[in-house]
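In: Would you be able to build a 3D model of this:
(one chain, ligands or ions: 2)
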Amino acid sequence: MHKRGDPPSLIRLGSSGPAPAQRPRTERAISQELAKEWFKRGKELGAGGYGETKTYEVQDTEYRAALGPVVVVKRFNDDGYDDDDMLAIRELARREHDAHHEAWKRMPPDCQQYLAQPATMSFEDDVNVGSYLVQALVGEEGLTTLSWGKFGEMLDTTGTQLDPGYKEWIARSFGDMLGCIANARMVHKDFNSENVLMLTNLGQPGSSGALRFEWRLIDWGIADVRGQRDQALEPALCADDLYGWEAMPGFRFVGGDGTCHGEKPGLVRSMYLLLRGDNVLDADVAYWIRKGFADKTGLRTPPTLEAAWQERRTAEEAARAARA
Ligand SMILES: Nc1ncnc2c1ncn2[C@@H]1O[C@H](COP(=O)(O)OP(=O)(O)OP(=O)(O)O)[C@@H](O)[C@H]1O
Ligand SMILES: [Mg+2]
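Out: Ligands and ions are numbered 1, 2, ... in the order given. You can find the predicted model right below:
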């Protein structure tokens with residue numbers, strides 16, 4: 001890292017380290033009653049559109065071994081709703097649970113590293129108990145957990161200009177994470193500034209040496225499974241805009257209906273706006289995301305996208321030269 005004005009160095013982050021050791025899976029499902037109890041005793045963490053989250057320090061050794069010492073309990077907001085609504089809310093919780101588990105199950109360890117491990121819940125309790133989900137806390141010793149939004153604010157308010165090598169790493173690993181979702185034949189559909197988290201040592205007092213960045217994606221509430229886990233894909237990646245340099249990469253099934261499955265178009269833009277600065281071109285950030293995605297999925301980039309990118313890159317360079 002350097003502040004604006006320092007010459008950029010080209011230090012690269014090698015890898016974000018080995019994937020976390022696999023913990024044994026929970027044997028017993030967590031009942032809604034038990035999760036409610038944990039929620040009652042938990043500490044405030046966050047609030048979003050559907051409910052409230054708390055952290056809870058697990059006492060039970062079996063759950064602790066499976067999920068880690070601290071879990072997140074999400075309570076689906078049901079204040080003031082009647083019985084039919086309670087049933088619908090329970091279904092929302094179950095849907096999120098199932099999609100989160102499906103993503104976890106379909107991903108190899110190098111992709112699971114982007115997720116918070118979901119706990120297995122049971123949904124048999126009476127709906128009037130409320131609806132809860134439990135998952136591992138995103139957090140790692142020595143690193144701060146920040147939402148994507150907060151990370152952006154931190155860069156802005158401190159005037160931090162990351163080295164290009166770090167920017168490349170951040171964008172490529174973001175593309176790698178997108179590739180993991182594509183490899184699972186799923187779409188998350190809810191990438192927003194609070195559902196994408198980042199673990200970093202940036203800004204920590206005394207954090208000298210290499211910076212660390214790791215992405216985590218939470219909130220699988222509206223995620224979809226789009227095919228069988230190994231269903232064959234068209235060899236080229238697709239995009240919402242096949243002639244757009246900032247197109248969001250996606251995937252298509254062989255023999256499918258031609259739908260390009262992927263996350264929402266504005267994501268690439270969010271990322272180049274986050275990483276924008278004198279030491280990097282917007283086109284390059286878009287390229288790194290696509291490259292991360294392509295490397296992970298093995299899908300090749302269609303020539304139209306390559307050409308659009310090249311054209312944008314040349315234009316950006318010319319604009320910079322004219323300003324200099
Ligand atoms: N596993 C986790 N580790 C750390 N923080 C978490 C975790 N899960 C949730 N949080 C925090 O709690 C907040 C709310 O959680 P979540 O996004 O799952 O629910 P929501 O925002 O209510 O749902 P939606 O985004 O669909 O409206 C998150 O933005 C995040 O700050
Ligand atoms: Mg959320």
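
In: So the residue in the stretch 201-324 of the chain positioned nearest to ligand 1 versus Leu197, what's the distance?
Out: For the stretch 201-324 of the chain, the residue closest to ligand 1 is Asp219, as judged by CB to the nearest ligand atom, at 3.6 Å. All C-beta spots, glycine's among them, are computed from the backbone N, C-alpha and C. Per CB to CB, to the nearest Å, Asp219 is found 10 Å from Leu197.

In: Those residues of this structure touching ligand 1, which are they?
Out: Neighbours of ligand 1 within the chain, by CB under 6 Å from any ligand atom: 45-46, 48-51, 53, 72, 74, 116, 135, 137-138, 145, 147, 190, 194-195, 218-219, 221.

In: any idea of the pLDDT on the residue of the stretch 201-324 of the chain closest to ligand 1?
Out: For Asp219, the pLDDT comes out at 96.

In: Name the SS class of it, please.
Out: coil (DSSP: H, G, I helix; E, B strand; the rest coil).

In: what are the phi and psi angles of it?
Out: Backbone geometry at Asp219, expressed as degrees, to the nearest 10, gives phi 60, psi 80.

In: Just give the nearest non-adjacent residue to it, would you?
Out: Asn195 (4.2 Å; CB to CB, 6 or more residues apart in numbering).

In: where does the spatially closest residue to Pro302 that is not a sequence neighbour fall, phi/psi-wise?
Out: Counting by CB to CB, 6+ apart, Ala236 is the residue found nearest to Pro302 once chain neighbours are left out, at 4.8 Å. Backbone torsions for Ala236, taken as degrees, to the nearest 10, come to phi -100, psi 140.

In: Can you give the contact residues for stretch 304-311?
Out: By CB atoms under 8 Å, 6 or more residues apart in numbering, the residues outside stretch 304-311 that reach it are 237, 239, 242-245, 247, 283, 286-287, 290.

In: With secondary structure, pLDDT and neighbour count as new columns, can the residues you listed be given to me in a markdown table?
Out: A markdown table is the format used below for the contacts of stretch 304-311 (DSSP: H, G, I helix; E, B strand; the rest coil; pLDDT from 0 to 100; neighbours: other CB atoms under 10 Å):
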| residue | secondary structure | pLDDT | neighbour count |
| --- | --- | --- | --- |
| Leu237 | coil | 98 | 26 |
| Ala239 | strand | 95 | 23 |
| Leu242 | coil | 83 | 14 |
| Tyr243 | coil | 88 | 12 |
| Gly244 | coil | 92 | 17 |
| Trp245 | coil | 95 | 22 |
| Ala247 | coil | 93 | 26 |
| Ala283 | helix | 97 | 21 |
| Ala286 | helix | 97 | 27 |
| Tyr287 | helix | 97 | 27 |
| Arg290 | helix | 97 | 28 |
